[in-house]
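*Asks:* Task: produce atomic coordinates for the following.
(chains A and B)
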Amino acid sequence: SQTIHQWPATLVQPVGSPLSLECTVEGTSNPNLYWYRQAAGRGLQLLFYSVGIGQISSEVPQNLSASRPQDRQFILSSKKLLLSDSGFYLCAWKVPRENMYNEQFFGPGTRLTVL
Amino acid sequence: AQSVTQLDSHVSVSEGTPVLLRCNYSSSYSPSLFWYVQHPNKGLQLLLKYTSAATLVKGINGFEAEFKKSETSFHLTKPSAHMSDAAEYFCVVSDIWEKLTFGTGTRLTIIP
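*Replies:* From the prediction side, this is the model:
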């Protein structure tokens, strides 16, 4: 069966510090991968998605970047965190098919607090 | 462009009474629709999805949703609420490029 892992589970960082959040998927090959951010009291906002190694699409201009160094690894980074980067970060994966009815599967999330 | 509107940000029901969480969508194509549930500080779990095979969709934990094209709605229901149903619920629409658009969520509170 497929599983998705995210770490760390929680993180408290000072403004201006770097960030690296990791997401890995097991039990599947060549998944589509996604990073979302959920701000307090709001829905989910798609930040990045990837359809293959080294292929990253950015949905919103921001202080963050993403990389996919391996097929089942997706990393969210920042060189200098802002207060507005605080939130709950969710990674998700999806089997890439032409059928759009396939759902995304979400990881447990990382709670990031920037002070 | 596609969008999702969850009409209630917060719904409270008594344990054992019916649950109705409302969702309206807008899409230029025949949509793919989902309901996800999120318990506090957890990831999202799929409740059910509309795949065009049937307009009434049954999901996990006794939830179901009915796709009504004429009303552009996909409301989530459950006949009898349980305390464990307390969570945040998200209505989601997917476009043909497989990008998800999330509603802002409905927080469901169950009164003992």
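
*Asks:* Name every strand pairing with the lowest-mean-pLDDT helix or strand in chain B and say which way it goes.
*Replies:* Lowest by mean pLDDT, DSSP states H and E among the helices and strands of chain B is strand B:100-102, with a mean of 87. If you go by DSSP bridges, strand B:100-102 pairs up with strand B:87-94 (antiparallel).

*Asks:* The strand it pairs with: how far from the chain's middle?
*Replies:* 5 Å (C-alpha atoms, centre = their mean, to the nearest Å).

*Asks:* Check the average confidence over that strand, would you?
*Replies:* Regarding strand B:87-94, the rounded mean pLDDT is 93.

*Asks:* List the contacts of the residue nearest the centre of chain B.
*Replies:* For chain B, the residue nearest the mean C-alpha position is B:W35 (3.7 Å; C-alpha atoms, centre = their mean). Going by C-beta atoms under 8 Å, 6 or more residues apart in numbering or on different chains, B:W35 touches B:21, B:23, B:46-49, B:59, B:63, B:65, B:74, B:76, B:89-92. In short, each C-beta sits where N, CA and C put it, glycine included.

*Asks:* Quick check: pLDDT value at it.
*Replies:* 97.

*Asks:* That one sits in which helix or strand?
*Replies:* If you go by DSSP states H and E, B:W35 is part of strand B:32-38.

*Asks:* ok, back up a step: in the sheet, who's paired with the residue nearest to the centre of chain B?
*Replies:* Assigned bridge partners for B:W35, using DSSP bridges, are B:L48, B:C91.

*Asks:* if I look at it, how far off is chain A?
*Replies:* With distances taken as C-beta to the nearest C-beta, to the nearest Å, B:W35 is found 10 Å from chain A.

*Asks:* In chain A, where is pLDDT below threshold?
*Replies:* Low-confidence segments of chain A, defined by pLDDT under 70: A:41, A:97-101.

*Asks:* interface residues of it facing chain B?
*Replies:* For chain A, the residues in contact with chain B (C-beta under 8 Å from any C-beta of the partner chain) are A:32, A:42-46, A:49, A:88, A:90, A:92, A:94, A:96, A:100-109, A:111.

*Asks:* swap the cut-off to 6 Å and go again
*Replies:* By C-beta under 6 Å from any C-beta of the partner chain, the residues of chain A that approach chain B are A:43-44, A:90, A:100-101, A:103, A:106-109.

*Asks:* So which of those residues belong to strands?
*Replies:* A:44, A:90, A:106 (DSSP state E).

*Asks:* Just list whatever residues bridge to the residue positioned nearest the centre of chain A.
*Replies:* Geometric centre of chain A, nearest residue: A:W35, 2.7 Å, by C-alpha atoms, centre = their mean. Using DSSP bridges, the bridge partners assigned to A:W35 are A:F48, A:C91.

*Asks:* roughly how far apart are it and chain B?
*Replies:* Applying C-beta to the nearest C-beta, the value for A:W35 to chain B is 12 Å.

*Asks:* quick one on the thing from earlier: hey, C-alpha coordinates of the strand holding B:W35 in CSV?
*Replies:* Extracted in CSV, the C-alpha atoms of strand B:32-38 (Å, rounded to 0.1, in the frame of the first residue of the first chain):
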residue,chain,number,x,y,z
SER,B,32,-14.8,16.1,-10.7
LEU,B,33,-15.9,16.8,-7.1
PHE,B,34,-14.6,15.6,-3.7
TRP,B,35,-15.3,15.9,0.0
TYR,B,36,-12.4,15.7,2.4
VAL,B,37,-12.4,15.8,6.2
GLN,B,38,-9.6,17.2,8.4
